[in-house]
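# need coordinates for the below:
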Amino acid sequence: MKLEDLGWNVDFAAEFKPFRAKGWVPARLIRDNKITYGALLEGGEELEVIMSGKVYHDAECDAALPAVGDWVALDVGADGGESVIRYRLSRQTCFSRKLPGKSSEEQVMAANVSVVVVVTDAGADFNLRRMERYFMLIERSCAKAVVLVNKSDLFPDDVNEEARAEIAELSERADVYVTSALRNEGLGVLKNYLEKGVSITLVGSSGVGKSTLVNQLLGEEWQWTSDVNEVTGKGRHTTTARELMVLDGGGILIDNPGIREVQMWTDETTLRESFSDIEEIAGRCKFHDCKHGADKGCAIRSGVEDGSLDVYRYEGFLKLEEEINDLKKRQKKRQVLVERRAKRDHRVKARNLADRIDYDREQNPERF
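Predicted coordinates for the structure are as follows:
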């Protein structure tokens, strides 16, 4: 197995060049064991590795720490000693979301992936507003968006096609397919994207058939799959941890646990680009500071009234805009707290140092 089979390219090689003189080797992280990581080396050797204290302390936040899919400079332990991550190479793409809840932290779901595949269905899991969120996160990651409207064998053809068409309308850049994992249709679609060195990740709700697709790609029962709960529509046995797997036929797969909440981790620019249709309509308002309510000459209100603007899409846009603004406020508040804590710690250290100098002066006046 060559490094190129793992996704290595000239940009990674150029960044890694200074580390070869130190005797370190490139490795790609395939598993996060919380305390240790699984790392894959050239030749296919897999090692359990730890993170150096410097890498940990240099990280500005948790999202900057090594994650599944990252390339790292590895100091391989001699004679059975521990192998240590000395440096994380720059990410060429990063698919992430905001941690669930009221956190203002980023959660990396897959690093250095070229294609993000969202798996859904035309039934209980179908949700255009959630799909808009996925598209925004994928757009920000700089990866290619692919959607599988899976489990088509459970629904009439017209229902599947309607779901596919509605999702396709949300993004001109996304490729959207109707598939059935049971009929191996999803496998055929995914193989079109899986080339040597190309990394893809599968995301979606629990129970939409992701584990079945993974099993088909690997050619074995890698994930334990079973029936779907008839009440919740969720799979009873699904992926529980992120893992990178190199496929025999070429390509790299990062499987993700089922996602319940697609929390936004993006910026206002990506929001405007993803909803360019709404921005274009708003640009036709009579007044540039239109509040899009009772203002005279409001193009947004007119669009909702005549049906040219989907009211649910507009409501989804407003909700996303509010979430992004709330996230910015939380991040700013957190930054203020971090800066205050750093200043406090600096004052404490300075005071402790002054006290220690005074004590030494009293005990050893001849030294001063």
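# pretty sure residue 296 contacts residue 302?
No - Residue 296 lies out of contact with residue 302 (CB atoms under 8 Å); the separation is 10.9 Å. To be clear about C-beta, it is placed using only N, CA and C from the backbone, and glycine gets the same treatment.
# show me which of those two is the more surrounded one.
residue 302 (14 against 9; other CB atoms under 10 Å).
# residue contacts, the more buried one?
For residue 302, the contact set (CB atoms under 8 Å, 6 or more residues apart in numbering) is empty.
# now it: how far from residue 252?
49 Å (CB to CB, to the nearest Å).
# what's the answer for residue 47, then?
18 Å.
# the two: who's more crowded?
residue 252 (26 against 17).
# number of nearby residues for the residue nearest to that one when sequence neighbours are not counted?
Nearest non-adjacent residue to residue 252, counting by CB to CB, 6 or more residues apart in numbering: residue 199, 4.2 Å away. A count of nearby residues for residue 199, using other CB under 10 Å, gives 24.
# can I assume residue 199 is in contact with residue 255?
No - Residue 199 lies out of contact with residue 255 (CB under 8 Å); the separation is 11.7 Å.
# okay, and the common contacts of the two?
With CB under 8 Å, 6+ apart, residue 199 and residue 255 have no common neighbours.
# domain parsing for the protein?
3-88, 94-255, 267-368 (automatic domain parsing).
# which stretches of the stretch 151-300 of the chain form helices?
157-170, 185-191, 210-218, 268-274, 276-282, 299-306 (DSSP state H, counting those that start in this stretch).
# among those, which one carries the weakest average confidence?
The minimum mean pLDDT among the helices of the stretch 151-300 of the chain belongs to helix 268-274 (a mean of 61).
# in which helix or strand would I find residue 356?
Using DSSP states H and E, residue 356 maps to helix 311-363.
# roughly how far does the nearest residue to residue 41 once chain neighbours are set aside sit from residue 146?
Leaving aside its sequence neighbours, residue 41 sits nearest to residue 27 (CB to CB, 6+ apart; 5.0 Å). The spacing between residue 27 and residue 146, counted by CB to CB, is 28 Å.
# equivalent analysis for residue 38, please.
Distance from residue 38 to residue 146, by CB to CB: 26 Å.
# the two: which has the busier surroundings?
The neighbour count for residue 38 versus residue 146, taken as other CB under 10 Å, is higher for residue 146 (21 against 18).
# wait, that one touches residue 114, no?
No - here residue 146 does not reach residue 114: they are 10.5 Å apart, not a contact under CB under 8 Å.
# quick check: neighbours shared by the two?
193, 200.
# I'd like to know which elements the strand or helix carrying residue 120 is packed against.
If you go by DSSP H and E, residue 120 is part of strand 115-121. Strand 115-121 is packed against helix 128-141, strand 144-150, strand 199-204, with contacts defined by 3 or more CB pairs under 8 Å, 6 or more residues apart in numbering; DSSP states H and E.
# could you identify which of the domains of the chain has the lowest mean pLDDT?
The weakest mean pLDDT among the domains of the chain belongs to domain 267-368, with a mean of 72.
# distance between that domain and the chain's centre?
Centre-to-centre, domain 267-368 and its host chain are 20 Å apart (CA atoms, centre = their mean, to the nearest Å).
# stretch 121-138 now?
Chain-centre distance of stretch 121-138: 15 Å, with CA atoms, centre = their mean.
# and stretch 61-71, by the same measure?
11 Å.
# buried sites along it?
63, 65-71 (16 or more other CB atoms under 10 Å).
# from these, which is closest to residue 308?
The closest of the buried residues of stretch 61-71 to residue 308 turns out to be residue 63 (CB to CB; 39.5 Å).
# quick check: the closest one touching residue 91?
No - look at residue 63 against residue 91 with CB under 8 Å: they stay out of range, at 10.1 Å.
# give the contact list for residue 72.
With CB under 8 Å, 6+ apart, residue 72 has these contacts: 26-29, 39, 66, 85-89.
# mind checking the SS state of it?
Under DSSP: H, G, I helix; E, B strand; the rest coil, the three-state class of residue 72 is strand.
# with the one 5 residues further on instead?
On the three-state scheme (three-state DSSP), residue 77 is labelled coil.
# burial of it, as a residue count?
13.
# was I right about residue 92 contacting residue 10?
No - counting by CB under 8 Å, residue 92 does not reach residue 10; the two are 11.3 Å apart.
# got the CA positions of stretch 247-258 in PDB?
Extracted C-alpha coordinates of stretch 247-258, given in PDB (Å, rounded to 0.1, in the frame of the first residue of the first chain):
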ATOM      1  CA  LEU A 247     -11.200  -0.100   0.100                       C
ATOM      2  CA  ASP A 248      -9.800  -3.000  -1.900                       C
ATOM      3  CA  GLY A 249     -11.200  -1.600  -5.100                       C
ATOM      4  CA  GLY A 250      -9.700   1.800  -4.600                       C
ATOM      5  CA  GLY A 251     -10.800   4.800  -2.600                       C
ATOM      6  CA  ILE A 252     -11.100   5.600   1.100                       C
ATOM      7  CA  LEU A 253     -14.200   5.600   3.200                       C
ATOM      8  CA  ILE A 254     -14.900   7.400   6.500                       C
ATOM      9  CA  ASP A 255     -18.000   6.200   8.200                       C
ATOM     10  CA  ASN A 256     -19.900   8.400  10.700                       C
ATOM     11  CA  PRO A 257     -22.400   7.600  13.400                       C
ATOM     12  CA  GLY A 258     -26.000   8.600  12.700                       C
END
